[in-house]
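Visitor: All I have is the shape, not the residue letters:
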């Protein structure tokens, strides 16, 4: 689909992006620390030294990021980076391998590209840090923090975000030549199995001190370039069967958030609806093709030259959003006027509790 932006809309986009890229954090953070769990939507370099094909520590990734190609799966900042800035942090939260004793006081990023809720998800790509393993790493960090004599953060006041689950579908359930998951479960059954395991993981995070926990629902996975190319759309904009599976998961995740808020009265869980946040992009008439030239696995060809105006693209590669989409995700997660996007309230309100 060709880019069809009128001049006024183009100007508005550039003004918004310029403002947000030059955003300066002038006040102290609203919370003492910020911890990040998930997959490639939040990975900031945790996969770089792993024996895996799922890593992007090369250009053109990071072409618009101040530090270059750090391992982030985009041209610029991730939504987790931008949320951190909106929370008042003047430095990006470090990856687990790079976090120093001083760094861990303000938080750690454990996210791992292609990882899932389930241990076997993405295993055909090599070594990954699945959710249970991320929680084990967090337990180590919590132990290290407990031994600090000075400036120990109150973990119950920190914000925790978790953005995971899409790989359990695209690198497991719908990858029929590698996994037999879809032979064992229907879409509804698999959503239930995932949520049962995810529930245990969120309760583990609670047991490690988490009280302000944000969980992201799945975006419409059937609208990514790779899934459209692989399955076709039968004349529709997206692969509806894949989006349907995501909706089943999101419905169950929303119910889980309601249940956790009821049963864990001293904690607050927030559901962020990525599908609803990203749906208005269709009104902007942005192209749904990758901004960069992709190789067989739909990651960018190393050292290739991406599209010149990344602000006019939804996808940087075959899977992942450009920075402008990450800005939209972060802004509407942090400050939302609708419970459709953020339930029962947004991240800004959560941080103030």
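Guide: Cool, the structure landed. All of these numbers come straight from a predicted model, not from anything done at the bench.

Visitor: show me the residues around the spatially closest residue to residue 240 that is not a sequence neighbour that make contact.
Guide: Computed as C-beta to C-beta, 6 or more residues apart in numbering, the closest residue to residue 240 that is not its neighbour in sequence is residue 222, at 6.3 Å. Every residue, glycine included, has its C-beta placed from N, CA and C. Listed by C-beta atoms under 8 Å, 6 or more residues apart in numbering, the contact set of residue 222 reads 228, 231, 233, 238, 239, 240, 241, 242, 243, 246.

Visitor: Closest one of those residues to residue 340?
Guide: residue 246 (15.7 Å; C-beta to C-beta).

Visitor: and that closest one, that's in a strand?
Guide: No - read with DSSP: H, G, I helix; E, B strand; the rest coil, residue 246 is helix and lies in no strand.

Visitor: List the contacts of the nearest residue to it once chain neighbours are set aside.
Guide: Counting by C-beta to C-beta, 6+ apart, residue 218 is the residue found nearest to residue 246 once chain neighbours are left out, at 4.2 Å. Shown in contact with residue 218 (C-beta under 8 Å, 6+ apart): 165, 166, 169, 246, 249, 250, 274, 275.

Visitor: again, only this time at 6 Å
Guide: 165, 166, 246, 249, 250 (C-beta atoms under 6 Å, 6 or more residues apart in numbering).

Visitor: where does it land on pLDDT?
Guide: Confidence at residue 218, expressed as pLDDT, is 99.

Visitor: now it, what's its secondary structure?
Guide: Residue 218 - assigned by three-state DSSP - is coil.

Visitor: Might you list the low-confidence residue ranges for the stretch 1-150 of the chain?
Guide: Residue ranges of the stretch 1-150 of the chain with pLDDT under 70: 1-26.

Visitor: Tell me which stretches of it form helices.
Guide: For the stretch 1-150 of the chain, the helices defined by DSSP state H, counting those that start in this stretch occupy 7-21, 79-86, 131-146.

Visitor: buried stuff in the last one?
Guide: When you say that, I think you mean helix 131-146. Under the neighbour-count criterion of 16 or more other C-beta atoms under 10 Å, helix 131-146 has 131, 134, 135, 137, 138, 141, 142, 145 buried.

Visitor: quick one on the thing from earlier: include secondary structure, neighbour count and pLDDT when you put the contacts of residue 218 into CSV, please.
Guide: CSV is the format used below for those (DSSP: H, G, I helix; E, B strand; the rest coil; neighbours: other C-beta atoms under 10 Å; pLDDT from 0 to 100):
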residue, secondary structure, neighbour count, pLDDT
165, coil, 27, 99
166, coil, 26, 99
246, helix, 24, 98
249, helix, 25, 99
250, helix, 22, 99
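
Visitor: closest to residue 258 among the contacts of residue 222?
Guide: Closest to residue 258, out of all of those and judged by C-beta to C-beta, is residue 246, at 18.9 Å.

Visitor: thinking that closest one is in contact with residue 223, fair?
Guide: No - using C-beta atoms under 6 Å, residue 246 is not in contact with residue 223; the gap is 9.9 Å.

Visitor: What residues does residue 116 make contact with?
Guide: By C-beta under 6 Å, 6+ apart, the contact list for residue 116 reads 130, 167, 168.

Visitor: can you check residue 110 too?
Guide: 37, 96, 134, 137.

Visitor: if you skip the residues just before and after it, what's nearest to the first one?
Guide: Across the structure, with C-beta to C-beta, 6+ apart as the measure, the residue nearest residue 37 apart from its sequence neighbours is residue 162 (4.5 Å).

Visitor: Return the backbone torsion pair for that neighbour.
Guide: phi -130, psi 120 (degrees, to the nearest 10).

Visitor: any idea how far it lies from residue 292?
Guide: 28 Å (C-beta to C-beta, to the nearest Å).

Visitor: So what's the gap between the helix or strand harbouring residue 161 and the chain middle?
Guide: Assigned by DSSP states H and E, residue 161 belongs to strand 159-163. Centroid displacement of strand 159-163 relative to its chain, using C-alpha atoms, centre = their mean, to the nearest Å, is 9 Å.
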